[in-house]
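Undergrad: below are the sequence and a predicted model; questions follow.
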Amino acid sequence: MPKSTVTNTSIQYAADLYNVKEVTLHGTADLSFWEAVLHKERLFPYHEADKAILLLSAIDAKWRGFKFREFVIAVGVCRNENGTSLDGYYLPHAFNSSKLLAFSERVFFRTPYFHGNIRLENKLPASIKLQDRREVLLDARMSIPSTPPLVEYLEWEGPIFLPNNRGQFFAVLAGEADIYPFSSETDRFEIKPSARHGIFQQLIDSNFTGSVWSLRSKSRHAKSKTYKRDAE
């Protein structure tokens with residue numbers, strides 16, 4: 001699993017949440033597809049073994065006493081063509097279980113959030129389910145693993161780049177994780193194209209394939225305000 005080399009100690013975080021429940025499915029996709037998508041954003045996909053690196057992550061959290069769930073799709077990115085360093089993530093699409101928070105994200109932070117019904121279970125068998133109105137867009141579920149997890153403290157800090165050069169914000173994602181391999185034979189992973197949310201067709205077209213599940217029960221998620229993109 002990639003780790004960021006980017007840190008910035010001067011960033012002030014607008015939200016800093018602890019004890020966040022999290023289920024993340026890390027995976028790979030066609031490198032050439034995401035090279036074309038990211039070209040207009042002046043970014044390059046971070047890659048391993050000639051595959052772009054993506055993550056699909058759901059969280060259950062509380063902010064100022066307000067409970068909510070989020071689901072995000074992110075693509076690992078690099079600032080130069082070699083694609084060998086994880087310099088940040090590109091955030092093409094995200095959902096929040098609260099209509100108010102999704103609206104606030106779009107208006108005040110310029111982030112691509114939409115309202116959705118998000119369910120997650122971070123205990124075995126872990127799962128993520130995303131529904132838009134009555135349409136199930138994503139249904140992912142682990143089978144019961146036959147081996148114990150790799151337990152590792154993971155921490156990532158760096159920029160999150162927004163679509164259409166709308167800017168960037170900075171995030172911290174940290175906590176002890178139970179890591180399990182994704183099994184294409186026994187785990188479930190179903191996505192459905194959506195006229196309202198083109199990202200799911202992009203996942204299909206780029207042949208997204210799961211590789212690793214990461215489960216955290218007490219993770220930290222911090223987020224800054226949105227800034228203009230760094231000078232290139």
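TA: Yep, it's here. Residues are numbered from 1 along each chain as shown.

Undergrad: surely residue 12 touches residue 224?
TA: Yes - applying Cβ atoms under 8 Å, one finds residue 12 in contact with residue 224, separated by 6.5 Å. C-beta here means a position set from N, CA and C on the backbone, and glycine is covered the same way.

Undergrad: what about those two, which has more around it?
TA: residue 224 (20 against 9; other Cβ atoms under 10 Å).

Undergrad: excluding its backbone neighbours, what's nearest that one?
TA: residue 170 (4.3 Å; Cβ to Cβ, 6 or more residues apart in numbering).

Undergrad: and the one you found, how many neighbours?
TA: Using other Cβ under 10 Å, residue 170 has 23 neighbouring residues.

Undergrad: what's the distance between it and residue 70?
TA: Using Cβ to Cβ, to the nearest Å, one obtains 17 Å as the distance from residue 170 to residue 70.

Undergrad: ditto for residue 22
TA: 10 Å.

Undergrad: just say helix, strand or coil for the residue of the chain most remote from its centre.
TA: The C-alpha centroid of the chain is most remote from residue 146, which lies 26.4 Å away (Cα atoms, centre = their mean). Here residue 146 is recorded as coil under DSSP: H, G, I helix; E, B strand; the rest coil.

Undergrad: quick check: it vs residue 181, distance?
TA: 10 Å.

Undergrad: likewise residue 228?
TA: Note on residue 228: its distance to residue 181, by Cβ to Cβ, is 40 Å.

Undergrad: which one's more surrounded, those two?
TA: Just comparing residue 228 and residue 181: by other Cβ under 10 Å the higher neighbour count belongs to residue 181, 14 against 9.

Undergrad: so what's the residue count around the closest residue to that one other than its chain neighbours?
TA: Of all residues not flanking residue 181 in the chain, residue 212 sits nearest, at 6.1 Å (Cβ to Cβ, 6+ apart). A total of 16 residues lie near residue 212 under the criterion other Cβ under 10 Å.

Undergrad: who are the contact partners of residue 212?
TA: Listed by Cβ atoms under 8 Å, 6 or more residues apart in numbering, the contact partners of residue 212 are 1, 25-27, 179-182.
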